[in-house]
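Chemist: Give me a 3D structure for the following:
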Amino acid sequence: MKNILIIGAGRAGKLLSQDIVKNYPDIHLIGLVDDKASAGKKILGKIDDLHRLTSLYQVDEIIIAIPSADGSLIRRILLSNMRNRVPIKIIPRDQRIISTSQVKYDEAKNIENEDFLGRPFVRPNVDRLIQFYKGKTIFITGGAGSIGSEIVRQLLDLQVKKVVVYDNSEYLIFLLEQQLKERGLRDKCELIVGSILHLNKLNVLMDRIRPDIVFHAAAYKHVHLMQDNIDEAIYNNVIGTKRVIEAAMNHGVKLFTFISTDKVVNPTSIMGATKKLCEYYIQSLKDKKMKFNIVRFGNVINSNGSALPLFERQIDLYKYVTVTHKKMQRFFMSIREAAQLVIESTAAGRQNAIHILNMGELINIYEVAKCLIRSKNLIPEKDIEIRITGLRKGEKMIEELYTETEKGNLRQLKNSKSIYMLKNQEA
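Modeler: Got it, this is the predicted structure:
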């Protein structure tokens, strides 16, 4: 007999309880945990009581049944249960239960990074986006990377005419090609291996393809590596961006979106400084035929080279995790959110606007490491050591999304609750 505890006494918790009682005679439902008292339901305690309840009732499994739960709540649940290895699962956080009134035990899944770092997915106005993108040809630099390839996938659902992917990684182009073939979408994409520094090639391609929109996602982004390779950071990130813009302006591109970073705000790194130079350059351009759009990202969960995949690799191989500092804080967003931000803000089409996702609260990296370890049914500092390595060159303790001056110019983007705009910033 398996003893199960459910977190969440709302509709999803009730439906899950009914499914377990009806269909799983080998499971003993201990009861529900919720911070709010609920009449007629067996509420054993609050989330902060989890460790005590787990021990008291010899719980074998915990299931989170709160579809509206954001990352902060999932982190709180994990952090409240750090001293045991009881598996914690979660009901997928979608809106299906609202329309079907079904929550099934066999659909409970292991907690993933996006569960304790992200927010419930906010669906964009797809009809409005289709109206904007339908029939257009899109050119994406860095289009085979983690963010670029997700932009490609989302665009292909918006009835675009064609997506041209331009990337200097033959391997990533190959992987994207396989994914597109599996979805039956290979014919909708042209995949090109090339560098953004090759101006002649860019001009030839733009002349042949005649894209309506260019998304510029290609860049060197690893802060500590660029500190030791300043020349390449400037050459690729600044000169490369200038050459992509030049080719786009030469061949009738109507809209250019530049993907920036939160590291441009009061930059302390070469990478952040190169991106800031690009923002300044773009804002200085006065082209009547081509509009410019800038999008700033925080840290993107599970993107190539980001902290979370590194933590997972360290757990699997070395049985420890390296964290820069116990007080380091970062903003996080999912790859899907990042791509959605690019696509939505581009459709807004505001000249020289900077768009920023409402990133929510800063998240402590040390707590992220502990939550990742616990999500794998392991105990931090007992099963997996957390080693503090110290700040590397160019790194900040706390990232920012905008300067104090910019803060006063923030405006919520029309038709979007999650995107803010800085209009017509001057260099």
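Chemist: And the helices in the stretch 201-350 of the chain, which stretches?
Modeler: Counting by DSSP state H, counting those that start in this stretch, the stretch 201-350 of the chain has helices at residues 223-227, 230-233, 240-250, 270-284, 307-317, 335-348.
Chemist: want to throw those helices into a markdown table with mean pLDDT?
Modeler: Written out in a markdown table, the entries for those read as follows (pLDDT from 0 to 100):
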| stretch | mean pLDDT |
| --- | --- |
| helix 223-227 | 93 |
| helix 230-233 | 97 |
| helix 240-250 | 97 |
| helix 270-284 | 95 |
| helix 307-317 | 90 |
| helix 335-348 | 90 |
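Chemist: now, of those helices, which is deepest in the fold?
Modeler: For the helices of the stretch 201-350 of the chain, the largest average neighbour count (mean count of other Cβ atoms under 10 Å) is found in helix 335-348, namely a mean of 23. Glycine gets a C-beta too; all of them are placed from N, C-alpha and C.
Chemist: Report the distance from it to the chain centre.
Modeler: 11 Å (Cα atoms, centre = their mean, to the nearest Å).
Chemist: Which neighbouring elements make contact with it?
Modeler: Packing contacts for helix 335-348, counted by 3 or more Cβ pairs under 8 Å, 6 or more residues apart in numbering; DSSP states H and E, involve helix 126-133, helix 146-155, strand 213-216, strand 255-259, strand 291-296, strand 299-301, strand 353-357, strand 419-422.
Chemist: Which of the three states applies to residue 139?
Modeler: strand (DSSP: H, G, I helix; E, B strand; the rest coil).
Chemist: Just want the most central residue of this protein.
Modeler: Residue closest to the mean C-alpha point of the chain, counted by Cα atoms, centre = their mean, is residue 334 at 1.7 Å.
Chemist: tell me which residues form a beta bridge with it?
Modeler: For residue 334, the beta-bridge partners under DSSP bridges are residue 301.
Chemist: Make 40 the starting number, not 1.
Modeler: All right, first residue 40 from here; so that's residue 373.
Chemist: before we move on, the earlier item: out of the helices and strands packed on helix 374-387, nearest to residue 108?
Modeler: strand 338-340 (16.2 Å; Cβ to Cβ).
Chemist: how about the residue nearest to the centre of the chain, what does it touch?
Modeler: Taking Cβ atoms under 8 Å, 6 or more residues apart in numbering as the criterion, residue 373 is in contact with 153, 156, 157, 339, 340, 341.
Chemist: same thing with residue 339?
Modeler: 185, 186, 345, 371, 372, 373, 374, 377.
Chemist: nearest residue to the second one other than its sequence neighbours?
Modeler: Counting by Cβ to Cβ, 6 or more residues apart in numbering, residue 186 lies nearest to residue 377, which is 5.2 Å off, once chain neighbours are set aside.
Chemist: Just confirm that neighbour contacts residue 189, I think it does.
Modeler: Yes - contact status for residue 377 versus residue 189: in contact at 7.1 Å, counting by Cβ atoms under 8 Å.
Chemist: about what we covered before: ok, the contacts of residue 373 vs residue 198, which is closest?
Modeler: Distance to residue 198, by Cβ to Cβ, is smallest for residue 339 among the contacts of residue 373, at 26.1 Å.
Chemist: For that closest one, give me the pLDDT.
Modeler: Among the per-residue scores, residue 339 shows a pLDDT of 85.
Chemist: who's in contact with the closest residue in space to it that isn't next to it in sequence?
Modeler: With Cβ to Cβ, 6+ apart as the measure, residue 377 is the residue that lies nearest to residue 339, at 5.0 Å, once sequence neighbours are left out. With Cβ under 8 Å, 6+ apart as the criterion, the residues that contact residue 377 are 186, 189, 336, 339, 342, 396.
Chemist: Then residue 312?
Modeler: By Cβ under 8 Å, 6+ apart, the contact set of residue 312 is 303, 306.
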